[in-house]
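J.: next one to model:
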Amino acid sequence: MSDLNLKQTAELPSTPLPIVSIGMGGIVDASHYPAYQIAGFPIVGGYDLNPQQAQKMAQKYNVPQIYSSVSEAIANAPANAIFDLAVPGKAVLDILAQIPAGRGVLIQKPMGDTLEEASAILALCREKRLIAAINFQLRFAPFIIAARDLIARGMIGELWDMEARVQVYTPWSLWSFLKGIPRLEVLYHSIHYLDLIRSFLGDPQRVYAKCIKHPIFEEYAGTRSTIILDYGERVRVQVSTNHSHIYGQQKQESYIKWEGSKGAIQTRMGVNMDYPTGIPDLFEYNLLEDQLGWRTAEIDGTWFPHAFIGTMASLQRFVLGESDVLPTSVEDAIKTMATVEAAYISSAEDGTPLPAV
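T.: Just a heads-up that it's a prediction; the model follows:
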């Protein structure tokens, strides 16, 4: 075990602001509300298209007020409430149009289904001066906060390799709305890794990608992707995903790896394996100077739900003036959406054919 005492938690607001939910479905039940309860964030009201779902959530999480419409939820929200939007991307613009100017809003990812939709969301947020962030919560997973801390200390030196690798079986049928949509894996899954990579390395110069379907998921768009992000001649970055590994857990993989001039870090994302049950996360590191090989650091918490504390906490601290940085703001998230768009454009283009011999 490690005695590095790595940072693993997000900074919380000094006085948590009330939260009003618009959309109270599965992701809210699995992650938003459990995270907010852990952090002590007050949930004061909510609305869902399905009244039975809303009532179930109210009873389970002691939500004091359930509204009958989006407009009622917005009109009756406390003046300092943060709106937590967990709705399909196509519904975001209409809801944002109803929210009063200058309010705080956390929007479930993705930021629309295309770069065009993301640009429209950004334009409306600017017009209404909304303090808006996208829920790219992987940045705040405990093992990611720990990795960022270790790297910030200079302990692995110059970062020259970063990789996300996922070889698992994902039961896409759990999300009925995904069947038949034109974009799937990159937009709804690898977007997390693209956003995370940007948070460490900035925007890539170019994107090379191929996203393809799998025979066992014929009714779904591409569920396997290979993405290369170009950061010049010194840094290699790759995202490789295969959600169709039906051959048991023994050879499943789900990790993010950083390699540097002085050491390396590899973290296991357990939630992707044996989904939705998951297995424990894992944080391993190797520092060349101490010659102790690979070691394990204790990690308290998981991606789901603990990372969801960070996105809400960072928004609340920004609204309260306790931080001058909003990491997943719509202004930054639009660049993640541009990276996603570049991946799909690259995938649709012809590759380089073999030269004549």
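J.: okay, CA-based contacts and neighbour counts for the rest of this
T.: Will do.
J.: where are the low-confidence patches of the stretch 201-350 of the chain?
T.: By pLDDT under 70, the stretch 201-350 of the chain contains no weakly predicted segment.
J.: where do the strands sit along it?
T.: In order along the chain, the stretch 201-350 of the chain carries the following strands (DSSP state E, counting those that start in this stretch): 206-212, 224-230, 236-242, 253-260, 263-268, 282-287, 295-297.
J.: in JSON lines, list those strands along with distance to Ala123 and mean neighbour count.
T.: Compiled in JSON lines, the strands of the stretch 201-350 of the chain are given as follows (distance: least, C-alpha to C-alpha, whole Å; neighbours: other C-alpha atoms under 10 Å):
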{"stretch": "strand 206-212", "distance to Ala123": "25", "mean neighbour count": "19"}
{"stretch": "strand 224-230", "distance to Ala123": "27", "mean neighbour count": "20"}
{"stretch": "strand 236-242", "distance to Ala123": "30", "mean neighbour count": "20"}
{"stretch": "strand 253-260", "distance to Ala123": "33", "mean neighbour count": "20"}
{"stretch": "strand 263-268", "distance to Ala123": "36", "mean neighbour count": "22"}
{"stretch": "strand 282-287", "distance to Ala123": "39", "mean neighbour count": "20"}
{"stretch": "strand 295-297", "distance to Ala123": "43", "mean neighbour count": "15"}
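J.: out of these, the one nearest Thr114 is which?
T.: With distances scored as C-alpha to C-alpha, the stretch of the strands of the stretch 201-350 of the chain nearest to Thr114 is strand 206-212 (15.8 Å).
J.: show me what that closest one is packed up against.
T.: Contacts defined by 3 or more C-alpha pairs under 8 Å, 6 or more residues apart in numbering; DSSP states H and E place strand 206-212 against strand 224-230, helix 330-348.
J.: would you mind saying which of those lies nearest Leu124?
T.: helix 330-348 (10.5 Å).
J.: in that closest one, which residues are buried?
T.: Judged by neighbour count using 16 or more other C-alpha atoms under 10 Å, the buried positions of helix 330-348 are 330-344, 346-347.
J.: which residues touch Glu289?
T.: Going by C-alpha atoms under 8 Å, 6 or more residues apart in numbering, Glu289 touches Lys262.
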